[in-house]
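1. Everything below, folded, please.
(4 chains)
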2 protein chains.
Amino acid sequence: MPAPISEAEREVMEVLWRRAPRSAEEILAEVGPRQGWQEGTVKSLLNRLLRKRAVKAARDGRRYLYSPLLSRERYVLEESKGLLDRLFGGRVAPLVAHFSEQHKLSKKDISEIRRLIAELDDGHD
Amino acid sequence: MPAPISEAEREVMEVLWRRAPRSAEEILAEVGPRQGWQEGTVKSLLNRLLRKRAVKAARDGRRYLYSPLLSRERYVLEESKGLLDRLFGGRVAPLVAHFSEQHKLSKKDISEIRRLIAELDDGHD
DNA sequence: GGCTGTCGTTTACAGGCGTAAACATGCGCC
DNA sequence: GGCGCATGTTTACGCCTGTAAACGACAGCC
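-> Numbering: from 1, shown residues only, chains lettered A, B, ... in the order given. Model prediction:
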């Protein structure tokens, strides 16, 4: 199990998940203004991500181009599973129930979930 | 926004959510063995929870009885919302879709979700 | 009325995180 | 061939967390 990705690190990963490989400069350009981060901050985060083996760096002349090693799929699955395990006994239905009770399901959510479930139902899959 | 509850602190909260008020001793008795924590650890966690106003303490003779101030519902909602916002654009359906794609929905989940959705559908509410 | 055990409060300390400055290095230009 | 700029690497520092030990207060026993 690789070391956990922190919140600030995830922000950098999101950039790389959208498009990779990218240089540190490009990453800074995208994430810096939005998060109010300076160059040094992004560099540190990239280094920590390298140490955690969540990204790789390929030399490109004088600089490096970074790419994710950890996929967003995998990350999202792990995070979600963690929360589900901790708070909902590991299952999805109780989470849906919780949001349902709290009136946090939008119409869009509802119809989309209905469609998903229907798909699974008659779904061979 | 009150300070965030950490993972170890949540473990203590879970005990209090199950039953409260409780003395530190009772809390230790329940959580200590399971987590391998000593007395000092639980005391520190209780103090941090007090400072974060997540629990309250009512004097009972020589000791205190602790009770949650933060409800589990609220905590769960905040945590879930945080994850949904960070990873699924704030909506529930994409999470369900994600688990569905990853084949992580049990039959039980599926039928329960179908029921919940049906309820909402014909449900006035 | 001290001694001891029982609680709660304070302090500790290492490791992670957010945020960056300082430092090192090497290519490209004058 | 030295200087400066662009990049990456190292170091910093305060706060939070996990995990406790040390300390303090007080009630009850002898």
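2. C-alpha only now, for contacts and for neighbours.
-> Will do.
3. Now do the contacts for the residue nearest to residue A:72 when sequence neighbours are not counted.
-> Distance criterion C-alpha to C-alpha, 6 or more residues apart in numbering or on different chains; nearest residue to residue A:72, sequence neighbours excluded, is residue A:17 at 6.6 Å. Counting by C-alpha atoms under 8 Å, 6 or more residues apart in numbering or on different chains, residue A:17 touches A:68, A:71, A:72.
4. isn't the first one right up against residue A:52?
-> In other words, residue A:68. No. Judged on C-alpha atoms under 8 Å, residue A:68 makes no contact with residue A:52 at a distance of 11.3 Å.
5. Between the two, tell me which one has more neighbours.
-> For residue A:68 versus residue A:52, neighbours defined as other C-alpha atoms under 10 Å in any protein chain shown are more numerous around residue A:68 (23 against 17).
6. Spit out the contact partners of that one.
-> A:13, A:16, A:17, A:20, A:54, A:55, A:56.
7. Secondary structure of the second one: a strand, I assume?
-> Read it as residue A:16. No. Applying DSSP: H, G, I helix; E, B strand; the rest coil, one finds residue A:16 to be helix, outside a strand.
8. Flag every residue of chain A that's near chain B.
-> Within chain A, the positions near chain B by C-alpha under 8 Å from any C-alpha of the partner chain are A:76-77, A:79-80, A:83, A:87, A:91-93, A:96-100, A:105-106, A:109-110, A:112-114, A:116-117.
9. count of residues packed around residue A:25?
-> 16.
10. Figure out the helix or strand that it lives in.
-> helix A:24-35 (DSSP states H and E).
11. after that helix comes which helix or strand?
-> Where DSSP H and E defines the elements, the next helix or strand beyond helix A:24-35 is helix A:39-51.
12. in the worst-scoring helix or strand of chain A on mean pLDDT, what counts as buried?
-> Of all helical and strand segments in chain A, the minimum by mean pLDDT, DSSP states H and E falls on helix A:107-122, at a mean of 89. By neighbour count on 16 or more other C-alpha atoms under 10 Å in any protein chain shown, the buried set for helix A:107-122 is A:109, A:110, A:112, A:113, A:114, A:116, A:117, A:120.
13. would you turn the residues you listed into CSV with distance to residue A:41?
-> Compiled in CSV, these are given as follows (distance: C-alpha to C-alpha, whole Å):
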residue, distance to residue A:41
A:109, 37
A:110, 40
A:112, 39
A:113, 40
A:114, 43
A:116, 41
A:117, 43
A:120, 45
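14. How about the contacts made by residue A:27?
-> With C-alpha under 8 Å, 6+ apart, residue A:27 has these contacts: A:12, A:15, A:16, A:42.
15. Please tell me how far it sits from DNA strand D.
-> 9 Å (C-alpha to the nearest atom of the strand, to the nearest Å).
16. for residue A:94, same thing?
-> 24 Å.
17. Give me the angle between the helix or strand that contains that residue and helix B:92-101.
-> Element membership of residue A:94, judged by DSSP H and E, is helix A:92-101. For helix A:92-101 against helix B:92-101, the angle by axes from the mean of the first three to the mean of the last three C-alpha atoms, to 10 degrees is 170 degrees.
18. got the angle for helix A:92-101 vs helix B:107-122?
-> Relative orientation of helix A:92-101 and helix B:107-122, computed by the same axes, to 10 degrees: 20 degrees.
19. Just the CA coordinates for the helix holding residue A:25, please, in PDB.
-> The C-alpha trace of helix A:24-35 is given here as PDB (Å, rounded to 0.1, in the frame of the first residue of the first chain):
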ATOM      1  CA  ALA A  24       6.300  21.400 -13.600                       C
ATOM      2  CA  GLU A  25       5.800  24.700 -15.300                       C
ATOM      3  CA  GLU A  26       2.600  23.700 -16.900                       C
ATOM      4  CA  ILE A  27       1.300  22.200 -13.700                       C
ATOM      5  CA  LEU A  28       2.100  25.400 -11.800                       C
ATOM      6  CA  ALA A  29       0.400  27.400 -14.500                       C
ATOM      7  CA  GLU A  30      -2.800  25.500 -14.000                       C
ATOM      8  CA  VAL A  31      -2.900  24.800 -10.300                       C
ATOM      9  CA  GLY A  32      -1.000  27.800  -9.000                       C
ATOM     10  CA  PRO A  33      -3.500  30.600  -9.600                       C
ATOM     11  CA  ARG A  34      -6.400  28.500  -8.700                       C
ATOM     12  CA  GLN A  35      -4.900  27.400  -5.300                       C
END
